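Chemist: This is the structure alone, sequence omitted:
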């Protein structure tokens, strides 16, 4: 049987902190879902709802099986399945901003070959670091819930699971190179690079990428421009989401998920208005002008969720085609920053690897 189970019933999370949950499950885990709701206290946007979760970890003692921020997890979710988990981009007063985050351990939901086998670990814990005030519109109440998609033991026979982690986060310096040694202990399914700064496109943050094996014995990506990679590696479907807010009569930055090729269309939904327009949308923000005190709803579409680009290896669901690193002495990525990066901005490198139970 394949089913969804409630790991943590929705509980108040109005004080910033880290929730630690012992995973006392007996079945195979295909996916863990984290939901956070923040009740807005005003209509001035603070940040994207995903920012209410700053870190999600799945650990077995000191062994880290999953570790990344909420925004990183959502970006990975988009590149895993071609669609975002649920975001309610709601910035109206006394309405909830909501974000979902998926921890996927298989190639797809209910994957019989890849899943977390809880019997192979001794002390599985989920750690969620949250702060409701970090997203939405200055929420004054928060709520955290966790769900798991599980499979009975007769329905699957997993040989391992997908391990997803932030490998490195570093401060960006304009035009500087960052050389990062990537782990070679497990096969790579995909690599993700991300950086987000208001009014900046991804290529203005990380301008070029080089990926090489054994001191350039093999060059997998040859110092390509990010602007070209964003197009060459673009997914088949664009990211599409909805947004709601309240106008002030002036341009106000509202937070959206795509950071590249982002478009926003608006309409009033409870009164006629005279002012309705959107400034160019870069870096996960859209400057929205709307009549004061009037509500708007809109549609958002674009690419590069949370400023992230996906570097896939092989065919998404064929494990034998992924990047095997067991014979590599080194695997390195060289990231060249843009000539004028956003102030106090960072760049993150995230890996998804196949971890075998053998």
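Modeler: Yes, it's here. What you are looking at is a predicted structure, and each value in this text was computed from that prediction instead of being measured.

Chemist: CA only for contacts and neighbour counts going forward, please
Modeler: Noted.

Chemist: Give me the helix or strand of this protein that scores worst on average pLDDT.
Modeler: Least confident helix or strand of the chain, by mean pLDDT, DSSP states H and E, is strand 276-278 with a mean of 92.

Chemist: Adjacent strands (with direction) for that one?
Modeler: In its sheet, strand 276-278 lies beside strand 285-290 (antiparallel), with partners assigned from DSSP bridges.

Chemist: Now do the strand it pairs with: distance to the chain's middle.
Modeler: Centroid separation for strand 285-290 versus its chain: 23 Å, with C-alpha atoms, centre = their mean, to the nearest Å.

Chemist: Only the buried residues of the helix or strand just after it, if you could.
Modeler: Next along the chain after strand 285-290, taking DSSP states H and E as the criterion, comes strand 295-305. Buried residues in strand 295-305, counted by 16 or more other C-alpha atoms under 10 Å: 295, 296, 297, 298, 300, 301, 302, 303, 304, 305.

Chemist: Once you drop chain neighbours, what's closest to the third one?
Modeler: Excluding its sequence neighbours, the residue lying closest to residue 297 (C-alpha to C-alpha, 6 or more residues apart in numbering) is residue 244, at 4.4 Å.

Chemist: Just list whatever residues bridge to that neighbour.
Modeler: residue 90, residue 297.

Chemist: Quick check: it touching residue 96?
Modeler: No. With contact defined as C-alpha atoms under 8 Å, residue 244 does not reach residue 96; the gap is 10.8 Å.

Chemist: Name the residues contacting each of the two.
Modeler: Listed as contacting both residue 244 and residue 96 by C-alpha atoms under 8 Å, 6 or more residues apart in numbering are residue 90.

Chemist: between the longest helix seen in the chain and strand 295-305, how big is the angle?
Modeler: Counting residues, the longest helix found in the chain (DSSP state H) is helix 70-81. If you take axes from the mean of the first three to the mean of the last three C-alpha atoms, to 10 degrees, helix 70-81 sits at 70 degrees to strand 295-305.

Chemist: Now helix 70-81: average pLDDT?
Modeler: On average, the pLDDT along helix 70-81 is 97.

Chemist: ok, now stretch 193-205?
Modeler: 97.

Chemist: how long is it from one end to the other?
Modeler: Stretch 193-205 has an end-to-end distance of 10 Å (C-alpha to C-alpha, to the nearest Å).

Chemist: same check, this time on stretch 202-222
Modeler: Length of stretch 202-222, first residue to last, C-alpha to C-alpha: 18 Å.

Chemist: can you give me the strands for the stretch 251-358 of the chain?
Modeler: In the stretch 251-358 of the chain, the strands defined using DSSP state E, counting those that start in this stretch lie at 252-255, 258-268, 276-278, 285-290, 295-305, 308-312, 331-337, 346-356.

Chemist: for the strand or helix carrying residue 59, packing partners?
Modeler: For residue 59, the host element (DSSP H and E) is strand 53-60. Other helices and strands packing on strand 53-60, by 3 or more C-alpha pairs under 8 Å, 6 or more residues apart in numbering; DSSP states H and E, are strand 63-68, helix 70-81, strand 124-130.

Chemist: From the chain's centroid, how far away is the last one?
Modeler: In other words, strand 124-130. Its chain's C-alpha centre and that of strand 124-130 lie 16 Å apart, by C-alpha atoms, centre = their mean.

Chemist: Compute the inter-axis angle for that strand and strand 63-68.
Modeler: 30 degrees.

Chemist: Parallel or antiparallel, list what pairs with the helix or strand just after strand 124-130.
Modeler: As assigned by DSSP H and E, the chain's next helix or strand after strand 124-130 is strand 141-151. The pairing partners recorded for strand 141-151 under DSSP bridges are strand 2-12 (antiparallel), strand 28-39 (antiparallel).

Chemist: Quick check: the closest residue to residue 323 other than its chain neighbours vs residue 329, distance?
Modeler: Excluding the flanking residues, the one nearest residue 323 by C-alpha to C-alpha, 6+ apart is residue 188, at 5.0 Å. Note on residue 188: its distance to residue 329, by C-alpha to C-alpha, is 15 Å.

Chemist: neighbour count winner among the two?
Modeler: residue 188 (25 against 10; other C-alpha atoms under 10 Å).

Chemist: ok now do that one, which residues does it touch?
Modeler: Applying C-alpha under 8 Å, 6+ apart, the residues near residue 188 are 313, 322, 323, 324, 325, 351, 352, 353, 354.

Chemist: One more: residue 62?
Modeler: Going by C-alpha under 8 Å, 6+ apart, the list of residues near residue 62 is empty.

Chemist: okay, now residue 3: neighbour count?
Modeler: With other C-alpha under 10 Å as criterion, residue 3 counts 11.

Chemist: Residue ranges in the stretch 101-250 of the chain under the pLDDT threshold?
Modeler: Residue ranges of the stretch 101-250 of the chain with pLDDT under 70: none are present.

Chemist: ranges for the strands of it?
Modeler: Taking DSSP E, counting those that start in this stretch, the strands of the stretch 101-250 of the chain run over residues 116-117, 124-130, 141-151, 160-171, 177-181, 187-194, 206-213, 218-225, 239-246.

Chemist: Now do the third one: distance to the chain's middle.
Modeler: Right, strand 141-151. Distance of strand 141-151 from its chain centroid, counting by C-alpha atoms, centre = their mean, is 17 Å.

Chemist: now stretch 68-87
Modeler: Counting by C-alpha atoms, centre = their mean, stretch 68-87 comes out at 4 Å from the chain centroid.

Chemist: and that stretch, which residues are buried?
Modeler: 68-80, 83-85, 87.

Chemist: Go ahead and name everything in contact with it.
Modeler: With C-alpha under 8 Å, 6+ apart as the test, stretch 68-87 has contacts from 49-57, 97-104, 107-108, 164-166, 192, 194, 235-237, 239, 241, 304-306, 308, 310, 350.
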